[in-house]
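S.K.: Build the 3D model from these lines:
(one chain, ligands or ions: 1)
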Amino acid sequence: MTLKEAQSIIDDLAREFNVSSPTVRFKRRRNGRAARRSDYDGSIPRINLAGWEVSVGAVLHEFAHHMHGAVGWEAHNIIFYWHLTEIIDYYFNGDFAKYPWEMEYKYGQKFFQQVLIPLWLEEVL
Ligand SMILES: [Zn+2]
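M.R.: Predicted structure coming up:
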């Protein structure tokens, strides 16, 4: 994905959810190689993506941090995953299985299996 494509997804999400649009950049290590993980810097606010091969999943995940307004490992709580659910609902048109849940933290994978799938099957979502 190019930087332009990533920024255009973010701008579209920002419009849809009526929030400001964070700047996207590709994060590099000092040796010039792509960083290992994408992250969100809430103070700027900016989404740092880990290089060209970044997935849509990483873009949506980092935008969920922007909506949640919290950062750090402990920010991956149920509120974060509800924000992510709204984003996935919009981006994948309600097909929650299209999101790469296997790249999520264990808690996120549990949320998908134990909360999202049952609600989805009951057509609550
Ligand atoms: Zn995260």
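S.K.: Every contact and neighbour count from this point should use C-alpha atoms.
M.R.: Fine.
S.K.: Find the residue at the geometric middle of the protein.
M.R.: His61 (1.3 Å; C-alpha atoms, centre = their mean).
S.K.: and the end-to-end length of stretch 94-111?
M.R.: Counting by C-alpha to C-alpha, to the nearest Å, you get 16 Å between the two ends of stretch 94-111.
S.K.: any idea of the pLDDT on the residue of the chain most remote from its centre?
M.R.: For the chain, the residue at maximal distance from the C-alpha centroid (C-alpha atoms, centre = their mean) is Asn31, at 26.4 Å. With respect to pLDDT, Asn31 has a value of 85.
S.K.: secondary structure element for it?
M.R.: According to DSSP states H and E, Asn31 maps onto no helix or strand at all.
S.K.: strand partners of the host helix or strand of Asn48, parallel vs antiparallel please.
M.R.: Asn48 belongs to strand 46-49 when assigned by DSSP H and E. Within its sheet, strand 46-49 is paired with strand 23-26 (parallel), strand 39-41 (antiparallel), according to DSSP bridges.
S.K.: how far out from the middle of the chain is the helix or strand following it?
M.R.: Following strand 46-49 in sequence order, the next helix or strand is helix 56-68 (DSSP H and E). Mean-position distance between helix 56-68 and its chain equals 2 Å (C-alpha atoms, centre = their mean, to the nearest Å).
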